[in-house]
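Asker: coords below, sequence missing:
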């Protein structure tokens, strides 16, 4: 499609000419948009009656307009350019803005194409893909960011500003709709002659590769099976909660604890699960829930560290739970067949039956979720039938069952069973046996990815399942305790005779005396002795056996489905890189077939052990650890008070959730203390591993929110506390330019600020005719990541400014926050000051004066080789491999020294602070994609520079740090070396302090200063025997004003235009100070030429009195040809004290 490159068509053009020019050409349509093309197709729509019926290809004016014209009408609505046949004066021009669909070239020109492409209703025109976006998306243009946006006549005028749409807020394309991208602020706000804008995500919307893959799979899925809240959550939770305990242990619990304490046990377990259910509901309704169940809920709330550790053990616990339930089923079958159908022996029979059973369950699972759901419905019907069978049978007492302890409902039996009768058990041991029966509340949440509406289904299904199962457990406890005695012999002849008069049990009142078997402890029936009491009571015993089979198989099937689903979600997030092979899904439902096989193998291994008494409490503790973290997630999110925490489920409380988390931890130790310890050790170990690996994910967890909340609170609190000398720490504003261009200064400053003080890497970008603030923000984030990747605890702060001095003033005034503000300016020494424009030197010295004016200390680092390594090819990478995988594929691998100066530090004047050491223009690192480009061999000077830039990264060994503390600046000159030698790299270095003084006060000064620093060497030298003065004079000769050789007026004009020039009067006035710098350089070479680092007092120059050229010459003469040197001057406020 051709696009006009100039202004819109003039109204004077004929309609036919315009329409011919604007009609689409299928043969010329490109396969997709190019950077120079607009992404919008503007369709002029006539509103006159009958226009759509008579519309021809030539009358459907459509064009792709350039970015500058994308909101501009092709012709004025009522101008001569409108087609008179399309409605005449009544035709009002409106725009339908769509993206040109390359696969349907020319369709907009045909009546059918027009009908399919847009839907016109009153004053609204909606693009086709907007309609489809809410139903799964029929067309998805991967190169288009605005296809699905409503571009319509909003508030009476044409606009590309989009109206609110839920699809803008999706993280990705999903089954509920496609992700749409609203027009960016740049598109709506930037000037029309700007370059086409770039696509981008809103803050926090960047997706990990796993999420992008999941999004693509979700968007491409057709015919996916999705469950509602009944079949998906309620049924699964009820089946998982109603386990074997209901049929073969509930009656025994009542016998031990009595009705009252049994109800308390059920109530306590229900309280724990209800609180967890409420917390689960709150998290599930806080946003769209994908597959992964407990893992997804915890990881997105508390972050990958907690989620990754819990996800792995939760998936493993579900896999082993399959073995537990299958072995329970196999044991029941073996007991039923024990009379005449034993194949080998009991243990091997359990193994054989268990293996066959788990293979059948695997087949059902592999057949798909729909078959598995049908099997669950069938098993639930059997289970409910068995429960109803029991309750019906409890109302039908038979004479034949009375000898076995079942007498029907009787008040005396109920009263007798009301209290506890513990035999070898305690309340907590009985509670520990029952509690696993209450677990299983996450069975529905575990398949959250297969739910049609997880936000509705999980709260409703989970809480209703807890209510129903809790009532049934209570009903069974009261029912069994009211109609069955604790002990019975099963002998019909144990009836009461007249001779017996000391019988006081409830059974005695009903005609039976079981005292003989009680005294002998050989009763075989009753609540205490018979686990199959419910079969005895039921109307038809085999149905109870079927219920036991149903309970075990349904729980096994739910766990067999849950484990792979959770494990697949964990692997998709790539928390554990070695497990990524299990992330792949198959079929329309994205089934984790490899996960099913792995779960089957784990389950089969534990089935073959056939002894699960040891592993069972560990599994219960694994589940409880998950519950505890879900509860803690809600508390943590509420505590963080993040705006992103706004669940639609309101029936939760952060303190109740915290109590639930504590209860879960208590129950863990009640059930089995060593299993609880083992669980905590495993969770902690996985947590440490994931924390160490630092997975490249950002889910906006409550941990991040709380970190921000605490940082803000503490920063505000700190602002209300007065500074104290003992708490002083150097907080450095380091003028680095790009952080990776001057590694030496960053390494040295980071050494003494790490974990002690603030470090801000300042970068002044000059020379921009039109500052690109979006690029500045991108660079800020990019180089901050570089600092983090290189484990440098610093902040990168770039600013735009007209010149270096103005930028420095900006940073001195605005950098930092509250008390976290810099107090020391750190510069690199300007090695090439004599080679460039001397106005750069004026700027450089002015920056030092500005620092002192702002009450900052000043530090200047000089290496004789220089600091700037940005011109050396391949010297560093900007982006880590994780950043590359998330879409930012460029790395800094080379520097273009021929680049024009329209960049931050490539402008000649920028050399003032960016310490261009070799006389080469510092340039902005270019981004290249070819990381394997050949590197140019380094020359000798560059090789030395590169080695020198890395010297502070190494351990310094047994050397010295020589401190020449010539002037008392408040102690900063002493504090920095002390902090430096406290660090591992410098701890073997000895500090030597040189101070000036009088000969007769050496001992006094030594004792006095020793209270501030341990190592002290006192030095006294009269500043005499000056040599090398001629070399200094020669150095400053080009910068002298020489006012005696010219007219006074001419001298003044020259001084005004070149303020850095040295006057004869000034040179004579500061002759002694000049000689001092020269002599100090000689003394430094004599005493400190082998030092690892020299720290020396920075000489001061009075503003307006000492020219910048003379001051720069002092610094040059003082520090040339020496080891690495720090010139330090504090702000003359004490930073050291000898008071405690």
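Answerer: Perfect, thanks for sending it. Note that the structure is predicted; figures quoted are calculated from it, not measured.
Asker: so how many other residues sit close to residue 247?
Answerer: Residues lying near residue 247 (other Cβ atoms under 10 Å) number 28. In this view, the C-beta of every residue, glycine as well, is placed from N, C-alpha and C.
Asker: Pretty sure it sits against residue 548.
Answerer: Yes - here residue 247 reaches residue 548: they are 5.0 Å apart, a contact under Cβ atoms under 8 Å.
Asker: Need the residues touching each of these two.
Answerer: Contact criterion Cβ atoms under 8 Å, 6 or more residues apart in numbering; residues shared by residue 247 and residue 548: residue 386.
Asker: Show me the residue at the heart of the protein, geometrically.
Answerer: residue 698 (2.3 Å; Cα atoms, centre = their mean).
Asker: Now do it against residue 647, distance only.
Answerer: 21 Å (Cβ to Cβ, to the nearest Å).
Asker: Same question for residue 456.
Answerer: Distance from residue 456 to residue 647, by Cβ to Cβ: 13 Å.
Asker: Looking at those two, which has the bigger crowd around it?
Answerer: residue 647 (20 against 17).
Asker: Tell me how many other residues crowd residue 1132.
Answerer: For residue 1132, the number of neighbouring residues by other Cβ under 10 Å comes to 15.
Asker: Excluding chain neighbours, what is closest to it?
Answerer: For residue 1132, ignoring the flanking residues on the chain, the nearest one in space by Cβ to Cβ, 6 or more residues apart in numbering is residue 970 at 5.1 Å.
Asker: What confidence value was assigned to the one you found?
Answerer: pLDDT recorded at residue 970 is 88.
Asker: need the contact list for it.
Answerer: Shown in contact with residue 970 (Cβ under 8 Å, 6+ apart): 1130-1136.
Asker: Now which of those residues would you call buried?
Answerer: 1130-1131, 1135-1136 (16 or more other Cβ atoms under 10 Å).
Asker: Save those as TSV, and put in pLDDT, secondary structure and distance to residue 189 too.
Answerer: Shown next, in TSV, are the buried ones among the contacts of residue 970 (pLDDT from 0 to 100; DSSP: H, G, I helix; E, B strand; the rest coil; distance: Cβ to Cβ, whole Å):
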residue	pLDDT	secondary structure	distance to residue 189
1130	91	coil	46
1131	90	coil	43
1135	87	coil	47
1136	84	coil	52
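Asker: which one of these is nearest residue 325?
Answerer: Among these, residue 1135 lies closest to residue 325 (Cβ to Cβ), at 68.6 Å.
Asker: what residue ranges in the protein score low on pLDDT?
Answerer: Residue ranges of the chain with pLDDT under 70: 1-158, 171-178, 192-224, 338-342, 493-494, 496-504, 610-615, 873-936, 997-1027, 1140.
Asker: one step back: and the residue nearest to residue 1132, helix, strand or coil?
Answerer: Assigned by DSSP: H, G, I helix; E, B strand; the rest coil, the conformation of residue 970 is coil.
Asker: Mind picking the two most distant members of the buried ones among the contacts of residue 970?
Answerer: Top of the distance list for those (Cβ to Cβ): 1131 and 1136, 13.4 Å.
Asker: residues in contact with residue 760?
Answerer: Taking Cβ under 8 Å, 6+ apart as the test, what residue 760 contacts is 732-734, 794-797, 811, 815-816, 822.
Asker: mind listing the strands for the stretch 801-950 of the chain?
Answerer: Ranges of strands in the stretch 801-950 of the chain, per DSSP state E, counting those that start in this stretch, are 824-828, 857-862, 891-895, 925-928.
Asker: picking that back up, the residue nearest to the centre of the chain: which element?
Answerer: Per DSSP states H and E, residue 698 falls between elements, in no helix or strand.
Asker: in stretch 1066-1083, what's buried?
Answerer: 1066-1067, 1070, 1074-1081.
Asker: got JSON lines for these, with distance to residue 942 too?
Answerer: What follows is the buried residues of stretch 1066-1083, written out as JSON lines (distance: Cβ to Cβ, whole Å):
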{"residue": "1066", "distance to residue 942": "38"}
{"residue": "1067", "distance to residue 942": "37"}
{"residue": "1070", "distance to residue 942": "37"}
{"residue": "1074", "distance to residue 942": "34"}
{"residue": "1075", "distance to residue 942": "36"}
{"residue": "1076", "distance to residue 942": "35"}
{"residue": "1077", "distance to residue 942": "30"}
{"residue": "1078", "distance to residue 942": "31"}
{"residue": "1079", "distance to residue 942": "34"}
{"residue": "1080", "distance to residue 942": "31"}
{"residue": "1081", "distance to residue 942": "27"}
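Asker: How far away from the center of its chain is the helix ranked longest in the chain?
Answerer: Scanning the chain for the longest helix, with DSSP state H as the assignment, gives helix 250-284. Mean-position distance between helix 250-284 and its chain equals 36 Å (Cα atoms, centre = their mean, to the nearest Å).
Asker: likewise stretch 410-428?
Answerer: 53 Å.
Asker: And stretch 298-307, by the same measure?
Answerer: 9 Å.
Asker: Other residues contacting that stretch?
Answerer: Counting by Cβ under 8 Å, 6+ apart, 283, 287, 292, 295-296, 308, 310-311, 573, 575, 626, 629-630, 632-634, 636-637, 687, 690-691, 695, 697, 699-704 sit against stretch 298-307.
Asker: Now the buried members of these.
Answerer: Buried among the contacts of stretch 298-307 (16+ other Cβ under 10 Å): 283, 287, 292, 295-296, 308, 310-311, 573, 575, 626, 629-630, 632-634, 636-637, 687, 690, 695, 697, 699-704.
Asker: So what does residue 967 look like in phi/psi?
Answerer: phi -130, psi 140 (degrees, to the nearest 10).
Asker: Disregarding residues adjacent in the polypeptide, which is nearest to it?
Answerer: Residue 967 sits nearest to residue 1097 (Cβ to Cβ, 6+ apart), 4.6 Å away.
Asker: The one you found: how many residues sit nearby?
Answerer: The tally of other residues near residue 1097 (other Cβ under 10 Å) stands at 22.
Asker: is it true that it touches residue 963?
Answerer: No - using Cβ under 8 Å, residue 1097 is not in contact with residue 963, being 9.1 Å away.
Asker: which neighbours do those two share?
Answerer: residue 973.
Asker: related to what we said a few turns ago, from the buried residues of stretch 1066-1083, pick the one nearest residue 1036.
Answerer: Residue 1036 has its nearest neighbour among those in residue 1067, at 7.7 Å by Cβ to Cβ.
Asker: residue contacts, that closest one?
Answerer: Per Cβ under 8 Å, 6+ apart, neighbours of residue 1067: 1036, 1040, 1074, 1110.
Asker: Helix or strand next in line after the helix or strand containing the last one, which one?
Answerer: Right, the one you point to is residue 1110. Residue 1110 belongs to helix 1108-1119 when assigned by DSSP H and E. Using DSSP H and E, the helix or strand that follows helix 1108-1119 in sequence is strand 1125-1129.
Asker: number of nearby residues for residue 689?
Answerer: Using other Cβ under 10 Å: residue 689 sits among 15 other residues.
Asker: Residue 426 and residue 521, how far apart?
Answerer: Taken as Cβ to Cβ, the span from residue 426 to residue 521 is 20 Å.
Asker: Those two - which one has more neighbours?
Answerer: Higher neighbour count among residue 426 and residue 521: residue 426, with 12 against 9, using other Cβ under 10 Å.
Asker: Where do the helices of the stretch 301-450 of the chain begin and end?
Answerer: In the stretch 301-450 of the chain, the segments counted as helices under DSSP state H, counting those that start in this stretch are 304-336, 346-366, 369-394, 399-402, 411-416, 427-434.
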